[in-house]
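Peer 1: predicted model and sequence follow; I will ask about them next.
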Amino acid sequence: MTINLEHLGAQPDRDRRQADPIAAILTRLHDDPTIADLIALRASKPDLCDAAVKAEAHRDAYGWSASQAEVDSLARIALLTIAGAHAMIVAIFPAASVDDVDAKVSLQPTREWLSNWQGSGDFARGRIALAAFNPGQATVPPRAETTVRESALYPWPPQGFDLADEIDRLATRRIYTHEQLQVLSAFAREGLDMQAILEKARDYFSAADRLLKDAMRLGPMAHQTRLAAEGALIAAYLSCGQIAVWPARRGTRDREAKLAMQALVNGRATTADPLHMQAAIRHGATFTSQVSLAEPRLFADGRMGEWFANV
């Protein structure tokens with residue numbers, strides 16, 4: 001599989017918010033979305049393999065940038081925030097194909113990572129990450145190249161998406177030009193209106209619950225209503241994912257919004273929401289929890305709320 005990385009760079013300054021891939025998806029919804037809008041969001045699933053590559057490429061670029069004097073801390077924060085946003089897309093959207101499953105599994109922590117976390121006494125974080133990228137029990141079609149004579153034990157599948165290979169194909173970890181890194185710095189400094197996004201998340205959750213209840217009545221619109229309910233739920237968790245991966249700016253209500261988002265997602269534990277969606281938000285909250293401390297005048301301490309006792 002060939003991943004198109006032509007649009008990995010930042011957008012022009014006047015449109016820099018579109019560097020946030022979650023915002024790019026949610027802008028498809030109007031302020032008062034119709035059932036058709038929510039069905040369209042559910043149906044227009046992004047390429048999860050592409051999102052996985054972009055998540056890892058930005059994370060890799062962040063690691064590279066730590067040794068580059070010309071890359072300021074705000075650009076580094078932006079790199080990690082964008083990596084987290086792409087990872088949230090991979091985690092939150094349900095799997096509908098073998099490629100989707102491959103994308104999710106590619107971002108699961110390896111045994112080495114799990115061992116390092118558990119060696120430090122952090123037994124929960126790895127389990128949360130595994131749950132976030134669990135492809136679930138979705139029925140997916142078999143690979144066309146797999147036959148009944150294929151080894152059932154090893155190797156399987158014979159071909160498929162390999163995240164490490166895709167990253168190795170990148171010419172350099174410098175995936176942005178110097179000018180684009182400056183745009184990313186402004187992108188991180190500007191932030192986003194977390195309070196407004198939180199209210200949107202509440203609205204989407206309410207819509208999802210209402211539509212799912214309507215779908216259970218098995219009327220003539222049951223199938224479409226169920227798809228709309230799933231679209232609303234995806235929009236709700238993507239909104240929470242935005243709040244999770246962005247650092248909290250000082251002098252704003254970002255910190256308050258983050259804590260309220262945690263309470264909102266905790267409240268969803270009493271619903272039938274997919275586990276991978278809930279785990280995704282907890283995992284997302286770890287992306288910029290520490291790196292934002294590099295700019296203490298601009299960002300508040302990221303380790304806030306009950307979740308950080310175990311992530």
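Peer 2: Received, thanks.
Peer 1: please count neighbours and contacts with C-alpha atoms only from this point.
Peer 2: OK.
Peer 1: and the residue nearest to D203 when sequence neighbours are not counted, how many neighbours?
Peer 2: Closest residue in space to D203, ignoring its immediate chain neighbours: A236 at 7.8 Å, by CA to CA, 6 or more residues apart in numbering. A236 has 26 neighbouring residues, counting by other CA atoms under 10 Å.
Peer 1: so what's A236 up against?
Peer 2: Counting by CA atoms under 8 Å, 6 or more residues apart in numbering, A236 touches 200-205.
Peer 1: which ones among the residues you listed lie within helices?
Peer 2: 200-205 (DSSP state H).
Peer 1: just the buried members of those?
Peer 2: Neighbour-count burial (16 or more other CA atoms under 10 Å) applied to the ones in helices among the contacts of A236 gives 200-202, 204-205.
Peer 1: okay, those in TSV with distance to L41 and pLDDT next?
Peer 2: Listed next are those as TSV, based on distance: CA to CA, whole Å; pLDDT from 0 to 100:
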residue	distance to L41	pLDDT
K200	15	96
A201	15	97
R202	17	97
Y204	12	97
F205	15	97
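Peer 1: just for the protein, where's the confidence low?
Peer 2: When residues are selected by pLDDT under 70, those of the chain lie in 1-18, 137-159, 301-306, 308-311.
Peer 1: next one: H276 relative to R282, how far apart?
Peer 2: 10 Å (CA to CA, to the nearest Å).
Peer 1: looking at the two, which is more packed in?
Peer 2: Neighbours were tallied for H276 and for R282 using other CA under 10 Å; the higher tally belongs to R282 (26 against 22).
Peer 1: pretty sure that one is touching I128, no?
Peer 2: Yes - R282 lies in contact with I128 (CA atoms under 8 Å); the separation is 7.2 Å.
Peer 1: buried residues in the helix or strand where Q195 lies?
Peer 2: According to DSSP states H and E, Q195 maps onto helix 194-215. Of all the residues in helix 194-215, those buried under the rule 16+ other CA under 10 Å are 194-195, 197-198, 200-202, 204-209, 211-212, 214-215.
Peer 1: now the angle from the next helix or strand after it to helix 194-215?
Peer 2: Next along the chain after helix 194-215, taking DSSP H and E as the criterion, comes helix 222-245. Counting by axes from the mean of the first three to the mean of the last three CA atoms, to 10 degrees, helix 222-245 lies at 160 degrees to helix 194-215.
Peer 1: which elements pack onto the helix holding Q195?
Peer 2: In terms of contacts (3 or more CA pairs under 8 Å, 6 or more residues apart in numbering; DSSP states H and E), helix 194-215 is packed against helix 222-245, helix 254-267.
Peer 1: next, the angle helix 254-267 makes with the first one.
Peer 2: An angle of 140 degrees separates the directions of helix 222-245 and helix 254-267 when computed by the same axes, to 10 degrees.
Peer 1: buried ones in helix 222-245?
Peer 2: Applying 16+ other CA under 10 Å to helix 222-245 flags 222, 224-245 as buried.
Peer 1: stretch 105-112 spans what distance, first to last residue?
Peer 2: 15 Å.
Peer 1: and that stretch, how far from the chain's centre?
Peer 2: Put simply, stretch 105-112 sits 16 Å off its chain's centre (CA atoms, centre = their mean, to the nearest Å).
Peer 1: contacts for it next, please.
Peer 2: 52, 87, 126, 129-130, 133-135, 162-163.
Peer 1: let's have those residues in a markdown table, adding neighbour count.
Peer 2: As requested, the contacts of stretch 105-112 are arranged in a markdown table below (neighbours: other CA atoms under 10 Å):
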| residue | neighbour count |
| --- | --- |
| A52 | 27 |
| A87 | 29 |
| G126 | 23 |
| A129 | 23 |
| L130 | 21 |
| F133 | 29 |
| N134 | 23 |
| P135 | 24 |
| D162 | 14 |
| L163 | 19 |
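Peer 1: of the helices and strands packed on helix 194-215, which is nearest A171?
Peer 2: Across the helices and strands packed on helix 194-215, A171 has its closest neighbour in helix 222-245 (27.2 Å, CA to CA).
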